[in-house]
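Trainee: next comes the sequence, and after it the predicted model I'd like to discuss.
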Amino acid sequence: MKQSLFQIISNTALTDSVWKMVLKGDTSAITAPGQFVNIRLDGLYLRRPISVCDYDRQTLTIVYKVVGKGTEQLRAMPPGRELDLLTGLGNGYDLSPAGSRPVLIGGGVGVPPLYHLAKCLIAQGKAVQVVLGFNTASEIFYESEFRALGCQVTVTTVDGSYGGKGFVTQALPRDATYFYACGPEPMLKAVYRATAISGQMSFEERMGCGFGACMGCSCKTLTGYKRICKDGPVMRKEEILWQA
């Protein structure tokens, strides 16, 4: 974990409620796709955790949905503004078990952390398949970005206004060797039940400190209690215990 000041390069809308922010700063603490940052915002006691969409040595990209006071602040911030970030939080995805044809499954704002993961897997020579799920056509983002990487992309919408009608579980490829998923818990649970292959899931959870000190986001697994912010947010399929 590292605390640094980042400068906003751009802050642009992808949909009516989803925004993309590119920042410049020290990204050396980020070591794996699927990690997140914790952002300090004026007048708010708790930092706001946002997943890392993409990064290189000098820039960091986050994609966030405007849902409350913190993200409302982010949306209003202009280029040139500085933000206090904690970086390198969370465990991230493990690329080693991916096999030759991994599938990346994203729902809504669970899509962003899969982007850098796709870049890493493609760099290893994997044939990456991506399944993206949204409620309706107006909510879709990053489809073209994944296609530009060379991924095979399938999009589903609940109302059928774009792509396949239904949920991501109805579009899972049969030849996938491993899966990586990120999205709301109902989607993750459905993916868990629909897949025979192994995989990893990134969980969304309300956090206090964001780095394992407060135990506020702990959950029970087959290997004991784990903190979503520090031991997660990524967990292996085999260790997850679903609540009734």
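Mentor: All right, it came through fine.
Trainee: quick one: strands adjacent to the strand or helix carrying residue 200?
Mentor: Assessed by DSSP states H and E, residue 200 sits inside strand 199-202. The pairing partners recorded for strand 199-202 under DSSP bridges are strand 178-182 (parallel), strand 234-236 (antiparallel).
Trainee: in what helix or strand does the residue located most distally from the centre of the chain lie?
Mentor: Distance from the centre of the chain peaks at residue 43, with 26.1 Å (Cα atoms, centre = their mean). According to DSSP H and E, residue 43 maps onto no helix or strand at all.
Trainee: do you know how far it is from residue 19?
Mentor: 20 Å (Cβ to Cβ, to the nearest Å). Where you see a C-beta, it was placed from the backbone N, CA and C, and this is true even at glycine.
Trainee: and residue 242, what pLDDT?
Mentor: With respect to pLDDT, residue 242 scores 81.
Trainee: from here on, call the first residue 848.
Mentor: Got it, first residue is 848 now, which makes that one residue 1089.
Trainee: could you look up the SS state of the residue nearest to residue 1036 when sequence neighbours are not counted?
Mentor: Ranked by Cβ to Cβ, 6 or more residues apart in numbering and with sequence neighbours excluded, the top spatial neighbour of residue 1036 is residue 1089, at 5.8 Å. Following DSSP: H, G, I helix; E, B strand; the rest coil, we place residue 1089 in the coil state.
Trainee: and the longest strand anywhere in the chain, what does it pack against?
Mentor: Secondary structure of the chain read by DSSP state E shows that its longest strand is strand 849-860. Counting by 3 or more Cβ pairs under 8 Å, 6 or more residues apart in numbering; DSSP states H and E, the packing neighbours recorded for strand 849-860 are strand 865-871, strand 929-936.
Trainee: and the shortest one, how far from the chain's centre?
Mentor: Okay, so that is strand 865-871. Centroid separation for strand 865-871 versus its chain: 14 Å, with Cα atoms, centre = their mean, to the nearest Å.
Trainee: same deal with the last one?
Mentor: Taking the mean of its C-alpha atoms, strand 929-936 sits 16 Å from the chain's own mean (Cα atoms, centre = their mean).
Trainee: which outside residues touch it?
Mentor: Strand 929-936 is contacted from outside by 848-855, 870, 872-874, 876-878, 882-887, 894, 896, 907, 924, 1057-1058, 1076-1077, using Cβ atoms under 8 Å, 6 or more residues apart in numbering.
Trainee: for the helix or strand just after it, packing partners?
Mentor: Next in sequence after strand 929-936, counting helices and strands by DSSP H and E, comes strand 949-954. Judged by 3+ Cβ pairs under 8 Å, 6+ apart, strand 949-954 is in contact with helix 960-970, strand 976-981, strand 1025-1029, helix 1032-1041.
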